[in-house]
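# pasted the sequence and its predicted model underneath.
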Amino acid sequence: MKKIPAVFALIVVLALAAQSQPDYSAFLPDSQLTPGATFNVTANDVCTAGYAGRVRNVPQSEKNAVYAEYHIDHRQPGEYEVDHLISLELGGSNDIKNLWPQSYVTKPLNAHVKDKLENALHREVCSGKVDLATAQHDIATNWITSYQKYVGDLPTN
């Protein structure tokens with residue numbers, strides 16, 4: 001019986017592991033349309049009670065423009081929200097470059113799941129454990145890997 005070289009066995013294991021990873025790219029915004037944008041604020045600003053409510057201002061015309069950019073012509077009530085990629089609680093702005101239509105109904109990832117990340121990152125920033133710029137960068141780059149980093153395992157259903 002021939003022994004399989006250890007390097008070959010490792011390559012096979014890594015290839016199989018890579019194949020078993022789900023592709024979550026459909027749950028991310030288009031980075032060309034929605035790269036993220038922020039207000040010029042500090043952690044102290046975003047950690048002040050009521051901050052997000054004071055700056056929230058996305059008129060329906062802007063929401064309609066977001067849907068148009070993403071070619072969403074028809075939707076059911078409650079199917080999507082025009083979401084801030086970098087949440088207001090993390091200093092995200094209302095600029096269209098920070099907005100995208102995020103589904104409430106897709107599984108396993110949706111707006112409700114991203115909300116958990118936003119809350120966790122806000123707590124981390126306000127406790128001084130994570131720098132505001134780092135939180136903004138991480139969520140804008142890939143909110144799904146940020147979820148895994150700051151919250152834990154992704155939901156499976």
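Here it is on my side, so go on. Residues are numbered from 1 along each chain as shown.
# so where do the strands sit in the chain?
80-84, 99-103 (DSSP state E).
# right, so of those, which gets closest to D138?
If you check each of those against D138 by C-beta to C-beta, strand 80-84 wins as the nearest, at 14.6 Å. Using the backbone N, CA and C atoms, a C-beta is placed for each residue, glycine as well.
# and that closest one, what does it pack against?
helix 60-69, strand 99-103, helix 111-126 (3 or more C-beta pairs under 8 Å, 6 or more residues apart in numbering; DSSP states H and E).
# strand partners (parallel or antiparallel) of the second one?
Neighbouring strands of strand 99-103 in its sheet, by DSSP bridges, are strand 80-84 (antiparallel).
# roughly how far out does the partner strand sit from the chain middle?
With C-alpha atoms, centre = their mean, to the nearest Å as the basis, strand 80-84 stands 11 Å off its chain's centre.
# next, the angle from it to helix 60-69.
100 degrees (axes from the mean of the first three to the mean of the last three C-alpha atoms, to 10 degrees).
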